[in-house]
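J.: what shape does this take:
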Amino acid sequence: LHTARSRNDQVALDLRLYLRDEVKNTITLVRALERVLVKVADKHMGLIMPGYTHLQRAQPVLLSHHMLAYVEMLERDASRLADTLKRIDVLPLGAGALAGTSLPIDRKAVASELGFASVASNSMDAVSDRDFALESVFVFALVMAHLSRLGEEIVLWSSQEFSFITLPDAYATGSSIMPQKKNPDIAELVRGKTGRAYGNLISLLTIVKGLPLAYNRDLQEDKPPVFDSVDTVQMSLGVLAEMMGKLKFNKARMYEAAAKGYSTATDVAEYLVRKGMPFREAHEVTGRIVAYGIMKHKELYELTLGEFRLHSKLFKSDVLGCLSAEDSVGSRNSEGGTSIKEVKKQIARLKRRLFK
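T.: I've put the predicted structure just below:
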């Protein structure tokens, strides 16, 4: 059994076999989380929340639209994971220690038996290549970056300051000293474990840095970061899929946050543009209207037509039809926008892909 085989090409084979399976398993888990998020988006169609930039309220959006943004991230993750399989699916057996073998072997036959798409073209590279492992660990880290962003939003939304969601008890913990606390531990752990995934990538990059050809014992240390990254990303995907499907959304609170804070100011500026005013001037006029509303302690939807006309005679009665959060969301009909019409298109496209 040892004929024409070295520990060097055998270890490279084993790591490729392991990652080939685990990358496929991770893709399955990514798809499962995508399906949960699409179901959440579909179930809560019409629920309006504030969209943010710089963590400041910016414009009203649909919760469904917000959820689907994460689906798009996961779509790219699944695509990247699938692409890594092309580099993983290369047979190193037959490379021997580094120089190949003088024995009459058939590498293509072995590749066929083990289900590999191709054989490594250079024996020295075959035993020393860990690019496929680095690439996999990088993509795992990027998946974790996306999960960490989602986890952070769950942490924020479950706080009393936001109060957008109620976490299921199974995914939160109490405090050892403060009886009233309900801490978003699962979301925080996903966020925290992202640091492990990043650290694993740096560890593996550091291990292969400066290695001369071909095999070196340093490569014994490539397994822990790979194994840990697989465990971390798969566990995080699984627990988030379970939790996201059980969140309770505070519709009234989310709408209140979306409606207040002059969130439809951009709609007022675009109204003026449609009336013929250059956008830069429209932006300035709307800024003055917001300042006027702040001074009068009024939201934009509380201002009268007369008050709007104090700032521009272009305002007509139809401006009153673009001031609510519903008006704002409904007008965002550009492709990929947050209107119900466009979000339904996004959901339909994703359902065709994910619910075959």
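
J.: pLDDT weak spots in this protein?
T.: Low-confidence segments of the chain (pLDDT under 70): 1.

J.: which parts of it belong to which domain?
T.: Split into domains by automatic domain parsing, the chain comes to 7-256, 259-354.

J.: what would these look like in TSV with mean neighbour count?
T.: C-beta here means a position set from N, CA and C on the backbone, and glycine is covered the same way. Below are the domains of the chain laid out as TSV (neighbours: other Cβ atoms under 10 Å):
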stretch	mean neighbour count
domain 7-256	18
domain 259-354	16
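
J.: grab the longest helix from this protein for me.
T.: Looking across the chain with DSSP state H, the single longest helix is helix 7-43.

J.: report the next helix or strand after it in sequence order.
T.: strand 48-53 (DSSP states H and E).

J.: list the strands paired with that following strand, with their directions.
T.: Its sheet considered, strand 48-53 pairs with strand 56-62 (antiparallel) by DSSP bridges.

J.: just how off-centre is the longest helix of the chain within its chain?
T.: Centroid displacement of helix 7-43 relative to its chain, using Cα atoms, centre = their mean, to the nearest Å, is 16 Å.

J.: hey, what's the angle from it to strand 56-62? Just curious.
T.: Counting by axes from the mean of the first three to the mean of the last three Cα atoms, to 10 degrees, helix 7-43 lies at 70 degrees to strand 56-62.

J.: heads up, I number from 51, so please use that
T.: Right, with 51 as the first residue, what we last looked at is helix 57-93.

J.: and helix 57-93, what does it pack against?
T.: For helix 57-93, the elements it packs on are helix 113-138, strand 140-141, helix 173-178, helix 181-207, helix 273-294, helix 390-404, judged by 3 or more Cβ pairs under 8 Å, 6 or more residues apart in numbering; DSSP states H and E.

J.: now do the contacts for Cys372.
T.: Residues near Cys372 by Cβ atoms under 8 Å, 6 or more residues apart in numbering: Thr314, Asp317, Val318, Tyr321, Ser378, Ser381.

J.: doesn't the third one fall inside a strand?
T.: No: with DSSP: H, G, I helix; E, B strand; the rest coil as the criterion, Val318 is helix rather than part of a strand.

J.: so for it, what's the nearest residue that isn't a sequence neighbour?
T.: What sits nearest to Val318 in space, not counting adjacent residues and going by Cβ to Cβ, 6 or more residues apart in numbering, is Thr336, at 4.7 Å.

J.: correct me, but the one you found touches Met327?
T.: No: Thr336 lies out of contact with Met327 (Cβ atoms under 8 Å); the separation is 10.0 Å.

J.: can you tell me how far the residue nearest in space to the middle of the chain is from Ser286?
T.: Nearest to the geometric centre of the chain sits His196, at 3.3 Å (Cα atoms, centre = their mean). Computed as Cβ to Cβ, to the nearest Å, the His196 to Ser286 distance reads 10 Å.

J.: am I right that Ala315 is in contact with Val340?
T.: Yes: judged on Cβ under 8 Å, Ala315 makes contact with Val340 at a distance of 5.5 Å.

J.: tell me, what's touching these two both at once?
T.: Common contacts of Ala315 and Val340 (Cβ under 8 Å, 6+ apart): Leu350.

J.: and of the helices and strands packed on helix 57-93, who's closest to Gly224?
T.: Nearest of the helices and strands packed on helix 57-93 to Gly224, taken as Cβ to Cβ: helix 181-207 at 16.1 Å.

J.: who are the packing partners of the closest one?
T.: helix 57-93, helix 113-138, helix 235-258, helix 273-294.

J.: run the chain-centre distance for the shortest one.
T.: To tie it back to what came earlier, the one meant is helix 273-294. Taking Cα atoms, centre = their mean, one finds helix 273-294 lying 14 Å from the centre of the chain it belongs to.

J.: ok, then the element right after it?
T.: That would be, after helix 273-294 and using DSSP H and E, strand 298-299.

J.: can you redo the helices and strands packed on helix 57-93 as TSV with distance to Ala220?
T.: As requested, the helices and strands packed on helix 57-93 are arranged in TSV below (distance: least, Cβ to Cβ, whole Å):
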stretch	distance to Ala220
helix 113-138	21
strand 140-141	43
helix 173-178	46
helix 181-207	14
helix 273-294	8
helix 390-404	25
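
J.: nearest to Val88, out of the ones you listed?
T.: In terms of Cβ to Cβ, the element of the helices and strands packed on helix 57-93 nearest to Val88 is helix 390-404, at 5.1 Å.

J.: which strands and helices sit next to that closest one?
T.: Taking 3+ Cβ pairs under 8 Å, 6+ apart as the contact cut, helix 390-404 packs with helix 57-93, helix 113-138.
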